[in-house]
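*Asks:* need coordinates for the following:
(chains A and B)
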Amino acid sequence: MAAECATPHKHRRGAALIIVILFFVMISLAIIQSATVGTIVELRTYHTLATSKFSYVAAEAGVEDIFYRTIQDMSVPTEETIMLNNASSTVTVIDTASAREIYATGNAKNEIRKVFLSISRNASASFPYGAQVGSGGIVMRQNAKVDGVGLIKGGIYSDGQIVGANGVTITGNAISSSSLVPDTSASSTACVIDEEVGHTNPNIDYAESFVMTATTSAPLAKVTLYLKREGNPNGANIRITADNGGKPSTTALATQSLPYSSVSTTYGWVDVAFATPPTLEPATTYWIVLDSSQDNNKYWYWCTSNANTYTTGTSSLKQDWSTAGSWTALSGDRDATFKLTFGGGESKIDQVTVSGNAKADAITDSTIGQDAYYQTISGSTVSGFSHPGSPTPPYVPLPISTTTIAQWNADATAGGTINGNCGNGGLSECNTLPLSLGPKKIAGNFDLDGGNDPSKVLTITGTLYITGNLIIRNKGKIKCDFAYLGNSCIVVVDGYVNVKGLATLAGSGIDGSYVLLLSTKKGCLGDGGSGCSVNDSAIAIENNVDGALFYSTDSLIDISNNAIVTAVLGYQLELQNGTTILYNSNISSLSLTPTASGVTGAWNTNRWSEY
Amino acid sequence: MTLFSHDQRRRREGGFSLIEVLLYVAIFSVISVISMNTLFQAIRSFDALRISRDINDSSVGIMERLTRDIKGSTAVDLGSSTFDISPGRLTLNTVSASGTPLTVEYYVSSSTLRYKEDGVEMGSLMSAKTAIDALVFRYINSGSTIGIKIELHLSSARGGVTRVEHFYDTVLMRGTY
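*Replies:* Numbering: from 1, shown residues only, chains lettered A, B, ... in the order given. Just a heads-up that it's a prediction; the model follows:
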C-alpha cells in the first residue's frame, strides 16, 4: 500500500484489478478456444466413426445377402448394389473352382468400409493340437509321447485330466480344463425350516424335483445339499429318478451313497458326486431323492425354505421311495435346499514333462519347461513363471458338431446304400479290392483285409458312412482319390474302428490331404461296454499311421503297439507304453469335402476379413 | 517532518480514508480470489476434458483394432492366451491381408496394451497419457461359434485430476461359422 500511496495514482486507480481481470479473461479465452477446437475435432472424429459404422453394416448386409441367397438356392447375381439407411453396399461375387468369394464395399457419406467373405462346400475344421480330448481325459502310459514333426510343437488340450507316467513327455503346451458348470437357476438355497429325515415314520425318504436350465442334454456330475446329522446314520443314498406323474419314479437313474462322514453335525453344503453321472434331458422333470432308513437316534436334517423359493420344483416325502403309492407334499409349498453341477472332467496334470506352458487347476509331480498356471501345485518344477490362483482354462468342445456329422451321413446316403457287409466276406459289389467307393452308405461292416498285397486299396471318391465296424488289416490301405487334391476325405463309422497289421491310411497325395476317420460309437470307455475294440475302445490303432486324423465323438481312442499317429481327437484317449503322437502342422486346418469334385454338401464360411 | 508533509500532501490531493482503503483491499481480494478460483476451475475442467479425450481415443483405438482382428481370425491359441484374469493375453491365429497365416498377440506391459505380429514387437495401441488398470479377455465357445468378451478399464491423470472409465465388448469370430 505504501508504494501505491507514494505514486501519483490519479490515472492508475483500479489498475491492478483491471490487470487481474484482463489476465483472467485472456487465460479463459485461451482455454475456451483450445477446448472448443479440441471438442470440434473430437466431434468430427466420432461423426466419422459413426458414419464408418453405417458403412461397415451396409457392407456386412451385402455379404450376408449373397450368403443367404447361396444357402437358400436363390439366384446369385455377380454384382449388385443394395441400399441400407442412406448407405450403399456394392457387392461383387466371384466363383472359383472350390469357393465363392464375396467382396462388398459399403459407402456411407463417402466413408468406405470393405468386407470379404469366402464360402464353400468344404467344411474347414481346425485341429491345432496333437491330441484334443473331451471330458474323458487322457492317460499316457510309460514313455508315451506327444511331439511334433521337426520344430513343430504338438500339445494337448483336454477337457478332463492329463495323467502321465514315467518318461511321458509332451512337446508344446499341456492344458487341462473341466466342463463342470453349476446350474445357477435350478437351485434353492434358502434354509429356514429343519426337516428330520429318517427319524419318524413316514418322514423317511425326501425328494425335491427340478428341471435343468441348459437346453442341451448334459451329465449331472453332482448334487449339493444343505444337510446335518444327528448321531451317525448309516445306509443313506442320494438317487436321481425320473418323474412319474408328479412324483419320483420307483427306479433310480443314478445312485450314490451318502456316508455320514461327509456330513457334519452342523449345517453345511454337502457335495454328492455321481460315480456314473446320469445324462439328463432338458425341459424334463427329475427328482433328487434322499433315501434313508428309520432310526430313533441316528438320522439326518435336510434344510428347507419357508416358501416356494424354486417355483419349478416341489418337495415331497414318503416312507419308502421304491414302493408304489402317493407322496406327501411338504406344507407351504416349501423347497428343500439343493444345487446342481453339470458336466464332467477334472482339471489336473499329473506326472508329465511338458516343454511349453502347463495350465490346470492342479499340477502334480510334473516338470514344466515354460510357465505354469494353476491353483495348486506339488512335487513339480517350473522353469518359467508360476501363476498361482489362475482360473480353470476354458472348456473347449470337440471341433466337429453333431449337425456336421449328420450332414456328412446325409451326403454319403445321397450316393446310394449298400445293404450288407463289404470287404472280406462281403457282398460281391464291394468285396474285391482294389475298389473305388463313395459317396455311399454301407449298412453293415467293412473288413478291409489287404491279404498282405499292397495293390488292395480302397480309394474314397466321396464320403463313406459305415453303420457297422471298420477293420483295416494285413496291409490293407485306404486313400482319398487324387481328385480331392489338397482337401481331405471323410469316413464316418457308427461302430468301432480297428487299424492293425501294417494297415495304411493316406490322403490324395497332395500336402494337407488326410483321411478323417470318425467313430460315433458310444459307451466304449475302457471299462466294458458292448461291441468295442481293443481295450474297450471305439478306435484302436495298433500300427503307425501318418495319413489320417482319428476322431471319436463319445468314446475312447486307444493307441498301442508302439504306434506313431499324426493327430487324434476324442472324448477320451489312452496312449499305451511307448506310443507317440507326432503332430504335423499341415493338419491344423483341414478342408473336408463330401466328394472329390466338391460340388455337393452344405455351404460353410471359410474366411472373413475386412480389407 | 516527513510524516507531516506527507499528510499534508495527502489531504491536498483528496487522499483516502482508512475505510476507503480497507474497502478497496477487500473488494480487490474478493474479486482476485473469485477470478483465480474460476481460473483454476477452468484449468481443472480443461484437464478433465483432455483426460476424457485421451481415454476415449485410447478406448476407440483399442476396441476397433481388437474387434476387427478377432472377427477376422480363424482360431485362438489357447495355450498362449490368458483368460478370466487381469492382465489378460490374447493370441489370435489370423490371416494377413495377402492371405498368409499370421499370429497376433495382444498383451499388457507396464500398463499399456502392446501387440506382436508373428512374435515381432509392433508397439503400443494407446495414448501414452492413459494407463490400463485392468484388461480381461473371456473365451466363449458354443461348439459351432467362438467369441471373445473384452473388459477394458482405462485411467488417466493430469494435474491432479484422475479419471477411470470402463469399456466392454463381445466379438464373434466370423471365421468360425
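
*Asks:* so, low pLDDT: which residues of the chain?
*Replies:* As the question left the chain open, I've gone with chain A. A:1-14, A:597-601 (pLDDT under 70).

*Asks:* actually chain B
*Replies:* Using pLDDT under 70, chain B drops low at B:1-14, B:175-177.

*Asks:* now do the strands in it.
*Replies:* B:75-76, B:90-95, B:101-109, B:112-117, B:120-124, B:130-141, B:146-158, B:161-172 (DSSP state E).

*Asks:* now mean neighbour count and distance to chain A too, for these, in TSV please.
*Replies:* Just so you know, the C-beta spots here come from the backbone N, C-alpha and C atoms, and that holds for glycine as well. As requested, the strands of chain B are arranged in TSV below (neighbours: other CB atoms under 10 Å in any protein chain shown; distance: least, CB to the nearest CB, whole Å):
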stretch	mean neighbour count	distance to chain A
strand B:75-76	22	5
strand B:90-95	20	6
strand B:101-109	18	9
strand B:112-117	17	15
strand B:120-124	11	18
strand B:130-141	19	4
strand B:146-158	19	9
strand B:161-172	15	10
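
*Asks:* which residues in chain A form helices?
*Replies:* Assigned by DSSP state H, chain A shows helices spanning A:2-6, A:15-71, A:402-413.

*Asks:* buried deepest among those, which one?
*Replies:* Each of the helices of chain A was scored by mean neighbour count; the highest is helix A:402-413, a mean of 18, by mean count of other CB atoms under 10 Å in any protein chain shown.

*Asks:* show residues contacting that one.
*Replies:* For helix A:402-413, the surrounding residues in contact (CB atoms under 8 Å, 6 or more residues apart in numbering or on different chains) are A:123, A:438-441, A:462-465, A:490, A:492, A:518, A:520, A:553, A:594-595, A:600-602, B:144.

*Asks:* drop anything exposed from those residues.
*Replies:* The neighbour-count test (16 or more other CB atoms under 10 Å in any protein chain shown) marks A:123, A:438-441, A:462-465, A:490, A:492, A:518, A:520, A:553, A:594-595, A:600-601 as buried among the contacts of helix A:402-413.

*Asks:* enumerate every residue touching the closest residue to A:Ser34 other than its chain neighbours.
*Replies:* Once flanking residues are discounted, A:Ser34 sits nearest to B:Phe46: 7.1 Å by CB to CB, 6 or more residues apart in numbering or on different chains. Counting by CB under 8 Å, 6+ apart, B:Phe46 makes contact with A:31, A:34-35.

*Asks:* before we move on, the earlier item: which of the buried ones among the contacts of helix A:402-413 fall within strands?
*Replies:* Taking DSSP E as the definition of strands, the buried ones among the contacts of helix A:402-413 contribute A:123, A:440-441, A:464-465, A:490, A:492, A:518, A:553.

*Asks:* and which of these is nearest to B:Leu135?
*Replies:* Relative to B:Leu135, the closest of these is A:Ala123; by CB to CB it sits at 34.2 Å.

*Asks:* grab the nearest non-local neighbour of the closest one.
*Replies:* A:Leu592 is the one closest to A:Ala123 (CB to CB, 6+ apart), at 4.6 Å.

*Asks:* the one you found: neighbour count?
*Replies:* When neighbours are defined as other CB atoms under 10 Å in any protein chain shown, A:Leu592 has 24 of them.

*Asks:* what do you get for A:Phe127?
*Replies:* The number of residues packed near A:Phe127 is 25, by other CB under 10 Å.

*Asks:* do you know how far it is from A:Leu435?
*Replies:* To A:Leu435, A:Phe127 is 28 Å away according to CB to CB, to the nearest Å.

*Asks:* equivalent analysis for A:Ser513, please.
*Replies:* 19 Å.

*Asks:* these two: who's more crowded?
*Replies:* A:Ser513 (24 against 16).

*Asks:* would you mind measuring from the nearest residue to that one once chain neighbours are set aside to A:Ala236?
*Replies:* Distance criterion CB to CB, 6+ apart; nearest residue to A:Ser513, sequence neighbours excluded, is A:Gly507 at 3.0 Å. Distance of A:Gly507 to A:Ala236, computed by CB to CB: 57 Å.

*Asks:* and these two? Which one has more around it.
*Replies:* A:Gly507 (27 against 21).

*Asks:* next, the contact list for that one, please.
*Replies:* Counting by CB under 8 Å, 6+ apart, A:Gly507 makes contact with A:479-480, A:484, A:488-489, A:513-515, A:547.

*Asks:* what about 6 Å?
*Replies:* With contact set as CB atoms under 6 Å, 6 or more residues apart in numbering or on different chains, A:Gly507 has these partners: A:480, A:513-514, A:547.

*Asks:* which among the helices of chain A is found nearest to A:Ala214?
*Replies:* When these are compared (using CB to CB), the closest one is helix A:402-413, at 15.5 Å.

*Asks:* could you check the angle strand A:489-493 makes with that closest one?
*Replies:* Orientation note: helix A:402-413 sits at an angle of 100 degrees relative to strand A:489-493 (axes from the mean of the first three to the mean of the last three CA atoms, to 10 degrees).

*Asks:* tell me how far helix A:402-413 lies from the chain's centre.
*Replies:* When distances are taken as CA atoms, centre = their mean, to the nearest Å, helix A:402-413 is centred 20 Å away from the chain's centroid.

*Asks:* what about dumping the CA coordinates of that helix to PDB?
*Replies:* The C-alpha trace of helix A:402-413 is given here as PDB (Å, rounded to 0.1, in the frame of the first residue of the first chain):
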ATOM      1  CA  THR A 402     -23.300 -83.500 -34.400                       C
ATOM      2  CA  THR A 403     -25.100 -81.400 -37.100                       C
ATOM      3  CA  THR A 404     -22.000 -81.500 -39.300                       C
ATOM      4  CA  ILE A 405     -21.700 -85.300 -38.800                       C
ATOM      5  CA  ALA A 406     -25.400 -85.700 -39.700                       C
ATOM      6  CA  GLN A 407     -24.800 -83.700 -42.800                       C
ATOM      7  CA  TRP A 408     -21.900 -86.000 -43.800                       C
ATOM      8  CA  ASN A 409     -24.100 -89.000 -43.200                       C
ATOM      9  CA  ALA A 410     -26.700 -87.500 -45.500                       C
ATOM     10  CA  ASP A 411     -24.100 -86.700 -48.100                       C
ATOM     11  CA  ALA A 412     -23.000 -90.300 -48.100                       C
ATOM     12  CA  THR A 413     -26.500 -91.700 -48.200                       C
END
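
*Asks:* which ones are touching whatever residue of chain B ends up closest to chain A?
*Replies:* Here chain B gets closest to chain A at one residue, B:Gly79, 3.2 Å apart by CB to the nearest CB. When contacts are counted by CB under 6 Å, 6+ apart, B:Gly79 touches A:173, A:175, A:357.

*Asks:* same thing but 8 Å
*Replies:* B:Gly79 neighbours (CB under 8 Å, 6+ apart): A:155, A:157, A:172-173, A:175, A:356-357, A:359.

*Asks:* perfect, that will be all.
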